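Participant: Give me a 3D structure for the following:
(2 chains)
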2 protein chains.
Amino acid sequence: MWKKPTFIIDTDKVVQNIDLMLRKADENNTILRPHFKTHQSAKIGKLFRERGISNIAVSSVSMARFFASDGWKDITIAFPLNLCEIDEMNELGSTITLNLLVESTYSIKFLADHIAFHAGIFIKIDTGYHRTGIDAKNLKDMEAILLLIESSEHLHFKGFLVHAGHTYQARSTNEVRDIGTSSIAQLQTLKSMFADDYPQLITSFGDTPSCSIMEDLSGIDELRPGNFVYYDVMQMHIGSCNADQIAVAVACPVVAIHKDRNEMVVYGGAVHLSKEYLPNEDGSKNYGLMVRLHDNGWSEPIQGANVSSLSQEHGIVRIPDSHINKFKPGDVIGILPVHSCLTANLLKEDMYFL
Amino acid sequence: MWKKPTFIIDTDKVVQNIDLMLRKADENNTILRPHFKTHQSAKIGKLFRERGISNIAVSSVSMARFFASDGWKDITIAFPLNLCEIDEMNELGSTITLNLLVESTYSIKFLADHIAFHAGIFIKIDTGYHRTGIDAKNLKDMEAILLLIESSEHLHFKGFLVHAGHTYQARSTNEVRDIGTSSIAQLQTLKSMFADDYPQLITSFGDTPSCSIMEDLSGIDELRPGNFVYYDVMQMHIGSCNADQIAVAVACPVVAIHKDRNEMVVYGGAVHLSKEYLPNEDGSKNYGLMVRLHDNGWSEPIQGANVSSLSQEHGIVRIPDSHINKFKPGDVIGILPVHSCLTANLLKEDMYFL
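Facilitator: Here you go, the predicted model:
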């Protein structure tokens, strides 16, 4: 059925994952603006649209153009403004509602000088991840940006946006909760400080671990998780989902078996799965968990089996004695990816919907 | 000039790299069958063809079809036979000379039963890498495979093939030489043992570290390196090349600067560079070296600067005090990739030839 590495999507699980997150957004009286970088798929987008979603986030101008051409009319590019693509943003912004992200006076000045459409501007706030954004206590820089926004008739302050990506380094669900709670509190403080001048301002928050693990997300106006649509082994490891919620597996043909060292070689390498890994307890690397495929889905992960190394096209699966004799070249196994966003990006041309 | 992550290829350096390897093959009286998985580009293929190359290696049936459609007539799929694609191989094998790789009686039996064209068969030998192949001392399995090859009028024994990929773990050029010398010796032993029955058999050997570092490759009939066409930071680290021979850089727009922590944020992440890394001496990770781009190429790597972490679309560049003030959002820097094969695969749609 699958002759080469193929990204299999269990549509029922995707729908369950979307419905669960939508319910959580509803319960918290907040809007879900899903991040579409994870799937980059018009077909998955349609599943969101059918459930009433009309606002989305993406992480590049290219992705914004792709989804705009697919009919999406309100898009936030949740990535620090790329000044090099001002022409592309101007073109796109004339046809849809486009929200942009800034974190420096340099970028907002450039934007004020070059923008040709009415853009919603989010100020990117750093609540502890330290990848991008203005420190949540640095009011001076925020005020300088707001002044420049005010000076342009094309720029409109939308609010404060956070990606609490440090939840990915958390060692327990309690730590995820702590990071999420702290980030939300910092956003709420900012909102209350600026609410008099900007009564319409919103707070935008989202990363899959916080949005999955925390029940109470109240006080936030917009949630922006992305990965939850598929989940993956990393999210399972963090505690965002269980194995049964992982909605994607990569079909990989078995090409060789080395019983003496408990290894199978599969056609499925770094160009299919990506080199994202999790450390095993014994110090070895886990590039994905192994499942058995059947016509309508796949099994639970096989205990003690995982992808232990990857070359460009080869994957090495470490497999216990109890299973090594069950496979032969020409069989096709499934691999649950460590990081589904990267795997989905690699296999964009080789997707299969169950 | 470059608005988003773009794979820039310095054609002059590519040609120098090809010419150097061709000269080495000539001096050793061996044939160069370059591995095209690294570039997967018809345009780079043309540079090889113009220099007299007519035989190539690839790592999948899909790649073999791509290059066959581009006029290549003699292709070895240097990857354990994927039984699932027998129909595709039968179709392709009716139009070009197609050589296949086996390492088990199970696969060769299947092939004997299903093959519809005259295929050259290499037996994959393991000289110590332990990824795939039959142990070089395991004559019993080789003989069993040869017997099955003999039983089919479509199968023709071509010889023994090795990929000494353990050179990538070598800690010195001397260690690379030791691994290469040992692997070549093992191949020569096999050749002499089977030469009476198969006087036409050839030995095929190749990995970029051995082929770059060793001067004496005599006694081998065919060399199959691939990465040397571009080289990369990993090869520089191993000692296969110097920085000046690296023929590719990824153009990445600067989107944010955080002077307080000596970091720049660039548009250029795991979906552009891949998550391949090298460990720095201080335990941090190096996902690529930073260069300054100019119209005709790029500078030497900037001392003390490297990509220190990657998200899906973000790259974080650690940059010393001496350089942090030289950049602003909207500038475009270059990143020398750690593993050019993976980066080339990710940026197939965004290539630029100097």
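Participant: ok, A:Met264 touching A:Pro253?
Facilitator: No. A:Met264 is beyond contact range of A:Pro253, at 10.5 Å (criterion: CB atoms under 8 Å). For glycine as for every other residue, the C-beta is placed from the backbone atoms N, C-alpha and C.
Participant: Look at those two and report which has more neighbours.
Facilitator: Taking neighbours as other CB atoms under 10 Å in any protein chain shown, A:Met264 and A:Pro253 compare with A:Met264 leading, 26 against 23.
Participant: So for the helix or strand containing the more buried one, mean pLDDT?
Facilitator: For A:Met264, the host element (DSSP states H and E) is strand A:263-267. Mean pLDDT, strand A:263-267: 97.
Participant: How about stretch A:165-184?
Facilitator: Average pLDDT, stretch A:165-184: 88.
Participant: do the same with stretch A:97-110
Facilitator: For stretch A:97-110, the mean pLDDT works out to 97.
Participant: Between the two ends of it, how far is it?
Facilitator: Using CA to CA, to the nearest Å, the end-to-end distance of stretch A:97-110 comes to 20 Å.
Participant: what do you get for stretch A:164-172?
Facilitator: Across stretch A:164-172, the terminal residues are separated by 15 Å (CA to CA).
Participant: Next, the buried residues of it.
Facilitator: By neighbour count on 16 or more other CB atoms under 10 Å in any protein chain shown, the buried set for stretch A:164-172 is A:164-168, A:170.
Participant: My read is that A:Asp221 contacts A:Arg33, right?
Facilitator: No. Here A:Asp221 lies out of contact with A:Arg33, judged by CB under 8 Å, at a distance of 9.8 Å.
Participant: Common neighbours of the two, please.
Facilitator: With contacts taken as CB atoms under 8 Å, 6 or more residues apart in numbering or on different chains, the residues that reach both A:Asp221 and A:Arg33 are A:Ser204.
Participant: Name the residue in these two with the higher neighbour count.
Facilitator: A:Arg33 (25 against 18).
Participant: Could you measure from the more buried one over to A:Arg51?
Facilitator: Separation of A:Arg33 from A:Arg51 (CB to CB, to the nearest Å): 13 Å.
Participant: Check A:Ile213 too.
Facilitator: For A:Ile213 relative to A:Arg51 (CB to CB), the value is 22 Å.
Participant: Any idea how many residues pack against the residue nearest to A:Ala251 when sequence neighbours are not counted?
Facilitator: Nearest non-adjacent residue to A:Ala251, counting by CB to CB, 6 or more residues apart in numbering or on different chains: A:Trp2, 3.7 Å away. For A:Trp2, the count of nearby residues is 16 (other CB under 10 Å).
Participant: Quick one: residues contacting A:Trp2.
Facilitator: Contacts here follow CB under 8 Å, 6+ apart; on that basis A:Trp2 touches A:8, A:251, A:253, A:293, A:332, A:352, B:84.
Participant: From the buried residues of stretch A:164-172, pick the one nearest B:Val307.
Facilitator: A:Gly165 (16.8 Å; CB to CB).
Participant: Wait, A:Asn28 touches A:Asp216, no?
Facilitator: Yes. Contact criterion CB under 8 Å: A:Asn28 and A:Asp216 qualify, at 7.2 Å.
Participant: okay, the two: which has more neighbours?
Facilitator: Comparing A:Asn28 with A:Asp216 by other CB under 10 Å, the one with more neighbours is A:Asn28, at 18 against 13.
Participant: still on that earlier bit, chain B next: which of the buried residues of stretch A:164-172 are close?
Facilitator: With CB under 8 Å from any CB of the partner chain as the criterion, these include A:Gly165 near chain B.
Participant: Among the buried residues of stretch A:164-172, pick out the one closest to chain B, please.
Facilitator: For these, the residue nearest chain B by CB to the nearest CB is A:Gly165; the value is 7.2 Å.
Participant: hang on, the earlier thing: out of the contacts of A:Trp2, which end up buried?
Facilitator: A:8, A:251, A:253, A:293, A:332, B:84.
Participant: For the closest residue to the fourth one other than its chain neighbours, the count of nearby residues, please.
Facilitator: Translated: A:Leu293. Nearest in space to A:Leu293, with sequence neighbours left out and distances taken as CB to CB, 6+ apart, is A:Gly334 at 4.5 Å. The number of residues packed near A:Gly334 is 25, by other CB under 10 Å.
Participant: So what does A:Gly334 look like in phi/psi?
Facilitator: Phi and psi for A:Gly334, reported as degrees, to the nearest 10, are phi -110, psi 150.
Participant: Restrict the longest helix anywhere in chain A to CA atoms and write it as PDB.
Facilitator: Secondary structure of chain A per DSSP state H: the longest helix is helix A:173-194. What follows is helix A:173-194, C-alpha atoms only, in PDB (Å, rounded to 0.1, in the frame of the first residue of the first chain):
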ATOM      1  CA  THR A 173       3.400  19.100  33.600                       C
ATOM      2  CA  ASN A 174       3.600  21.100  36.800                       C
ATOM      3  CA  GLU A 175       6.500  23.000  35.300                       C
ATOM      4  CA  VAL A 176       4.500  23.600  32.100                       C
ATOM      5  CA  ARG A 177       1.700  25.000  34.300                       C
ATOM      6  CA  ASP A 178       4.100  27.300  36.200                       C
ATOM      7  CA  ILE A 179       5.500  28.700  33.000                       C
ATOM      8  CA  GLY A 180       2.100  29.100  31.400                       C
ATOM      9  CA  THR A 181       0.600  30.700  34.500                       C
ATOM     10  CA  SER A 182       3.500  33.100  34.800                       C
ATOM     11  CA  SER A 183       3.400  34.100  31.100                       C
ATOM     12  CA  ILE A 184      -0.400  34.700  31.300                       C
ATOM     13  CA  ALA A 185       0.000  36.800  34.400                       C
ATOM     14  CA  GLN A 186       2.700  38.900  32.700                       C
ATOM     15  CA  LEU A 187       0.400  39.400  29.700                       C
ATOM     16  CA  GLN A 188      -2.500  40.400  32.000                       C
ATOM     17  CA  THR A 189      -0.400  42.900  33.800                       C
ATOM     18  CA  LEU A 190       0.600  44.500  30.500                       C
ATOM     19  CA  LYS A 191      -3.000  44.500  29.300                       C
ATOM     20  CA  SER A 192      -4.200  46.300  32.500                       C
ATOM     21  CA  MET A 193      -1.400  48.900  32.200                       C
ATOM     22  CA  PHE A 194      -2.200  49.800  28.600                       C
END
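Participant: which strands and helices sit next to it?
Facilitator: Using 3 or more CB pairs under 8 Å, 6 or more residues apart in numbering or on different chains; DSSP states H and E, the elements in contact with helix A:173-194 are strand A:119-126, helix A:139-150, strand A:155-162, strand A:202-205, helix A:208-213.
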